[in-house]
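> A predicted structure for the sequence below; I have some questions about it.
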Amino acid sequence: MSAAPERLLTGLKRGLGPVNLRLLSLLLALSVLFAGIAGPQMFSAASLRSMAFQLPELGLLSLAMMVPLLSGGLDLSIIATANLSSLTMAWVLTHGLPAEPGLMWALWQLGAVLAGILVAACVGLLNGYLIAHLRVSPILATLGTMTLVKGITVGLTHGGVLSGFPAPVLFLGHGTVAGVPVALLLFAIVAIPVGVVLSRSPFGLTVAMVGSNEVATRYSGIDTPWVLMRVYVLSACLAAIAGLVMMARFDSANAAYGESYLLVTILAAVLGGVNPTGGFGRVSGLVIALVILQLISTAASMLDLSQFLTLSIWGATLIGVAGTTALRAWWIRRRLMSPSTLAADGLKTAGVAVAPAATNDQGG
Amino acid sequence: MAETWRRWRGTQELRLMTVLLAIGAVLWVATPGFASAQNLMDMLTSSAFTAILAIGLLVVLVAGGVDISFAATASITQYVALSLANQGHLGWMGLLLVAVVLGALLGLVNALLVTTLGLSSIIVTIATQSLYYGLLMAATNGQDIFALPAWFNDGLHWVFHVDAHGGEQALNLQIVVLALICGFTGWLLTRTSIGRQIFAMGGNPEAARRVGFPVFRLNLLVYGFMGAVAGLASLVHAQLVQSVSPSALVGRELDVLAAVVLGGASLNGGVGSVAGTLLGVALLAVLQNGLTLLGVSSYWSQLCTGGVILAAIVMMAHQGRRPMVRSEAAAV
């Protein structure tokens, strides 16, 4: 009788997955809370637009972090890579760009962007080689390349700024199309294909498999080094696009922009349901997590709180979400299992709390 | 002698020592100032802060975890302890006590979260780093403290050598704290049962638990120790730069991590030594110092650091090529 709405609800639940459902409820609760505290101007057109302008930078960087996290790795060099490629783009744009708008003028700018992405891809290749072929742990390898790449950019620019870009680049940072910031559109244009590739393509599947169990994946006949190479090149290219957005928003390029974002990107990805030991996570979860973080940041600035308090609340949010997940898993286990030694065994094992939730998520 | 050689042959410590001596020899020949007692003492004093933190982080790495929050912890202990000292409540002992206890408490929070949340330690400590640092910056508005008590600014000196020109070589707070921490940690890790348990836990946590080691208490100890060490290091740093800035320390955690790993500690846990860690810190410090003495622009020094880290990584990878199974548990 009342089967149709019920079926719709369960269908929705399964489509979203438990992680996204939980994130959405958190988002809803926070929206209601902030609307209550800060008043209706929290969701005024101006405030929504300012959120939409701020989100893409962190969003693209988090996306760049998410891909290696899915493969069970980590990329600490994304910020340095983003700055290297934005400096490359800025250098090409400020050296030899034809003065008159025309075909050459447009092609030169396209070339600048491609040059930036190409340079980033080289960093990605280096990371991939160290991790996939020399078997260096990802955190160590990317820490090394991070220092090296930052060293190159600082050495070449002496810490200075490159600026003076043509109109299209500025439009990317400040323009809107039908009220939507161009940078947000760019984020969508990048995030949707990446999300589809990660969850629907053979490549995405092998990345998740490598993240769950690399040895088993290799034994099942998959060229895991090649998968890892592509993971780190993809991560670096995403970082390059983030660099383009940062450059457009700040009207300049510098060796040290966005450094405080590095650890925040990991925080955002894990909050979005990406399992930090690899294998599980969806771009949709990451996007919801980014909206949550952005909402907290906007609310804090409306309430005249320090931007550092925002950082603090971000950290607390991750701890809180992980805490409730762990508590829930513990409670369910307690109810389901008889108090045998087996149950006690499973409870104490680290990682158990996260794994079931993430596994369910994949079913959706 | 043969016994000692066999134990050291092929270790990361020996390789580092060789590289360090080679660089040292080149600098000795190339620059007149490098090998002077004054320069060596200055180098030791200025890198003591990094070295102390590195020793604390070594213990966490050996136990199979990672701590990213120690720089934020150090910023908090530094600010709180010296604010109290400025109000005239504390002497040297009180100052050290406040910094160590507060640091240990913040470390215990990390330990509790790492053991209960079911997330890897790097994620948990990234979250607590944001939490601690954000709260500190919000509470202090990022304001520096420039006026510190005179007795603190004067520091501690133990003169041990006066040269012909009347120049004094003295042990200072930085060097003494570093020596004490090294001695204590070396003793803890290699000469005590707790040290062996920490190594065992880092090597295989599940096996350690089944053998009956108190994994939870060991974690409390390890992260608490890291926090306490960060507290001590923060005072060492404040005494050296003669001021307190809440934002000066955060951002250095990855440099310290690089030095520890360069020193041979494994991110997979269960491997590492105090000697190796000190050599790792020393290599990076000597490199920086040498580049400055050689007149290389400071803008290029980070590139050299990165190059050395990568070279060391590649070298280590070739030395320790093992079947892929080993890297399966690669820490995230």
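Done, it's in.

> Flag every buried residue along the strand or helix carrying B:Ile55.
Per DSSP states H and E: B:Ile55 is located in helix B:37-62. The neighbour-count check on helix B:37-62 (16 or more other C-beta atoms under 10 Å in any protein chain shown) flags B:39, B:41, B:43-62 as buried. Heads up, the C-betas are built off the backbone N, CA and C, glycines and all.

> by contact count, what packs against that helix?
helix B:70-86, strand B:168-172, helix B:173-191, helix B:193-203, helix B:215-241, helix B:253-262, helix B:274-293 (3 or more C-beta pairs under 8 Å, 6 or more residues apart in numbering or on different chains; DSSP states H and E).

> can you tell if the next helix-or-strand element following the fourth one touches chain A?
Okay, so that is helix B:193-203. Scanning forward in sequence from helix B:193-203 by DSSP H and E, the next helix or strand is helix B:205-211. Yes. Contact of helix B:205-211 with chain A (C-beta under 8 Å from any C-beta of the partner chain) involves B:205-206, B:209.

> Touching, A:Ser77 and A:Met146? I think so.
Yes. Shown here, A:Ser77 and A:Met146 form a contact pair, counting by C-beta atoms under 8 Å, at 4.0 Å.

> Look at those two and report which has more neighbours.
Per other C-beta atoms under 10 Å in any protein chain shown, whichever of A:Ser77 and A:Met146 has more neighbours is A:Ser77, with 30 against 24.

> So which residue is smack in the middle of chain B?
Centroid-nearest residue in chain B, with C-alpha atoms, centre = their mean: B:Ala54, separated by 1.7 Å.

> so that residue makes contact with B:Leu262?
No. Look at B:Ala54 against B:Leu262 with C-beta under 8 Å: they stay out of range, at 9.6 Å.

> Buried ones among the residues of helix B:205-211 next to chain A?
For the residues of helix B:205-211 next to chain A, a neighbour count by 16+ other C-beta under 10 Å gives the buried set as B:205, B:209.

> hmm, back to that, any residues in contact with both of B:Ala54 and B:Leu262?
Listed as contacting both B:Ala54 and B:Leu262 by C-beta atoms under 8 Å, 6 or more residues apart in numbering or on different chains are B:Gly280.

> What are the neighbouring residues in contact with the closest residue to chain A within the stretch 151-300 of chain B?
Of all residues in the stretch 151-300 of chain B, B:Trp300 sits closest to chain A, at 4.4 Å by C-beta to the nearest C-beta. Going by C-beta under 8 Å, 6+ apart, B:Trp300 touches A:151, A:154-155, B:291.

> what's the farthest-apart pair in those?
A:Val154 and B:Leu291 (13.5 Å; C-beta to C-beta).

> What is the neighbour count of A:Glu6?
Other residues close to A:Glu6 by other C-beta under 10 Å number 10.

> Relative to B:Ile123, how far out is it?
37 Å (C-beta to C-beta, to the nearest Å).

> cool, A:Leu205 as well?
From A:Leu205 to B:Ile123 the distance is 24 Å (C-beta to C-beta).

> quick one: contacts of stretch A:105-118?
The contact list for stretch A:105-118 (C-beta under 8 Å, 6+ apart) reads A:85-86, A:88-89, A:92-93, A:96-98, A:166, A:168-169, A:237, A:240-241, A:243-244.

> if you average pLDDT over it, what comes out?
Averaged across stretch A:105-118, pLDDT comes to 93.

> Could I get the buried residue list for it?
So for stretch A:105-118, counting by 16+ other C-beta under 10 Å, buried means A:108-109, A:111-113, A:115-117.

> Quick check, central residue of chain A?
A:Ser62 (1.7 Å).

> So A:Ser163 is in contact with A:Asn254, correct?
No. A:Ser163 is beyond contact range of A:Asn254, at 9.1 Å (criterion: C-beta under 8 Å).

> Looking at those two, which has the bigger crowd around it?
Taking other C-beta under 10 Å, A:Ser163 and A:Asn254 do not tie; A:Asn254 has more neighbours (21 against 14).

> about what we covered before: and A:Val154 and B:Leu291? Which one has more around it.
With neighbours defined as other C-beta under 10 Å, A:Val154 and B:Leu291 compare such that A:Val154 has more, 22 against 18.

> quick one: contacts for that one?
If a contact means C-beta under 8 Å, 6+ apart, then A:Val154 has A:255-256, B:299-300, B:302-303 as its contacts.

> List buried residues within these.
A:255, B:299-300, B:302-303.

> will you turn those residues into JSON lines that also has distance to A:Val177 and secondary structure?
What follows is the buried ones among the contacts of A:Val154, written out as JSON lines (distance: C-beta to C-beta, whole Å; DSSP: H, G, I helix; E, B strand; the rest coil):
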{"residue": "A:Ala255", "distance to A:Val177": "31", "secondary structure": "coil"}
{"residue": "B:Tyr299", "distance to A:Val177": "40", "secondary structure": "helix"}
{"residue": "B:Trp300", "distance to A:Val177": "43", "secondary structure": "helix"}
{"residue": "B:Gln302", "distance to A:Val177": "40", "secondary structure": "helix"}
{"residue": "B:Leu303", "distance to A:Val177": "41", "secondary structure": "helix"}
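
> How about the stretch 1-150 of chain B: which residue is closest to chain A?
B:Gly134 (2.7 Å).

> Can you list the low-confidence ranges for the stretch 1-150 of chain A?
By pLDDT under 70, the low-scoring segments of the stretch 1-150 of chain A are A:1-3.

> near chain B, which residues of it show up?
So far as C-beta under 8 Å from any C-beta goes, the stretch 1-150 of chain A lies against chain B at A:69, A:72-74, A:76, A:130, A:134-141, A:143-150.

> Check which element follows the helix or strand hosting B:Ile122 along the chain.
Using DSSP H and E, B:Ile122 falls within helix B:121-140. Sequence order places helix B:150-154 as the next helix or strand after helix B:121-140, per DSSP H and E.

> Find the nearest non-adjacent residue to B:Ala147, please.
B:Asn86 (7.0 Å; C-beta to C-beta, 6 or more residues apart in numbering or on different chains).

> Low-confidence stretches in the stretch 151-300 of chain B?
Low-confidence segments of the stretch 151-300 of chain B, defined by pLDDT under 70: B:166-167.

> Quick check: residues of it near chain A?
Counting by C-beta under 8 Å from any C-beta, the residues of the stretch 151-300 of chain B that sit close to chain A are B:205-206, B:209, B:251, B:254, B:257-258, B:261, B:267-268, B:297, B:299-300.

> 10 Å - rerun?
B:205-206, B:209-210, B:215-216, B:246-247, B:250-251, B:253-255, B:257-258, B:261-262, B:266-268, B:296-300 (C-beta under 10 Å from any C-beta of the partner chain).

> Buried ones among those residues?
By neighbour count, with 16+ other C-beta under 10 Å, these hold B:205, B:209, B:215, B:246, B:250, B:253-255, B:257-258, B:261-262, B:266-268, B:299-300 as buried.

> still on that earlier bit, which one among the buried residues of stretch A:105-118 gets closest to chain B?
Using C-beta to the nearest C-beta, A:Gly116 is the member of the buried residues of stretch A:105-118 that lies nearest chain B, at 19.8 Å.

> now the strands for the stretch 251-364 of chain A?
For the stretch 251-364 of chain A, the strands defined by DSSP state E, counting those that start in this stretch cover A:252-253.

> From A:Ile79, how far out is whichever residue of it sits closest to chain B?
Closest to chain B within the stretch 251-364 of chain A is A:Ser312: 2.7 Å, counting by C-beta to the nearest C-beta. Remark: distance between A:Ser312 and A:Ile79 (C-beta to C-beta) = 21 Å.

> Quick check: closest non-adjacent residue to A:Leu311.
Taking C-beta to C-beta, 6+ apart, and ignoring the residues beside it in sequence, A:Leu311 has B:Gly134 as its nearest neighbour in space, at 3.7 Å.

> Closest approach to chain B from the stretch 151-300 of chain A, which residue is it?
A:Gly151 (2.9 Å).

> Relative to B:Thr11, how far out is the closest residue in space to that residue that isn't next to it in sequence?
Distance criterion C-beta to C-beta, 6+ apart; nearest residue to A:Gly151, sequence neighbours excluded, is B:Leu303 at 2.9 Å. According to C-beta to C-beta, B:Leu303 stands 28 Å off from B:Thr11.
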